[in-house]
Every structure is written in C-alpha cells, then in structure tokens.
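> following is a predicted model, sequence given first.
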Amino acid sequence: MEPNVNRGQELFANFCFLCHGQQGKGDGRMAKLPQTAPANLRKSQLDNKALAEIIRKGGAGVNRSEQMPAWGDQFTAIDVQSLVLFIKSLQAESVAAGKAKKRAAIK
C-alpha cells in the first residue's frame, strides 16, 4: 500500500479535525478550550519531514505545543505519509483560493 491523500483525509476526519477543524484552519471544537491554539495547517510552512515528525512524536516531542498528541504508536508509516499528503493538499487548496481572490480583486 502506498501513501495517498484519500487515506490521509480519512485519518484527518477521524483523529485530527476536533482540534484542527474540518478544513485544517485550527478552528476545531477543541480549539475553544483554554490551551495553546491548534496550528492552522493550511498556513504551515513546514516541509514533509517536519510534518511527519510532529505527527509521529507529538508537539512535546519536537518542542512545540504539548497539546498535540503523538500518533507514532497508532499510525503506520504509510498513515503518517498519507496525512502529510492530505495536509499538503489543504495548503495547495488555500494557495489556489488566495490566488483566485487576488484575481477577482483586480477585475
């Protein structure tokens, strides 16, 4: 089995959306609690390797928010890479939306 964006989307919907929100903007239901705000994944500048490391080790494991759990014991390497692909697809979608907005403003 190869990493794929559809598997990443499925995992995100089951494990990540409560904090990061359905669109990855960091606005999930858990974001309303008094804690460190979840990352807006659509704006993340991290490369694939760094994203995978955060998913596997959790926030505390990479000197970031302790609120981000470590998923390395529950997700396979394929799952982690699939999540990374999905997160990158959210970023690409966000970039495309920004460009469309700028084009509309020019007209």
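Ah, there it is.

> mind listing the helices for this structure?
With DSSP state H, the ranges of helices along the chain come out as 5-11, 17-20, 48-61, 77-106.

> right, and Q81 touches V5 too?
No. If you go by Cβ atoms under 8 Å, Q81 and V5 don't touch, sitting 10.3 Å apart. C-betas here are computed from N, CA, C, even on glycine.

> between the two, which has more neighbouring residues?
Q81 (20 against 17; other Cβ atoms under 10 Å).

> coming back round to it: and the helices of the chain: which comes nearest Q35?
With respect to Q35, and counting by Cβ to Cβ, the nearest of the helices of the chain is helix 17-20 at 9.4 Å.

> got the buried residues for the closest one?
Residues of helix 17-20 classed as buried: 19-20 (neighbour count, 16 or more other Cβ atoms under 10 Å).

> tell me the mean pLDDT for it?
Mean pLDDT, computed over helix 17-20, is 94.

> worst-scoring helix or strand of this structure, pLDDT-wise?
When the helices and strands of the chain are compared on mean pLDDT, DSSP states H and E, helix 77-106 comes out lowest with a mean of 81.
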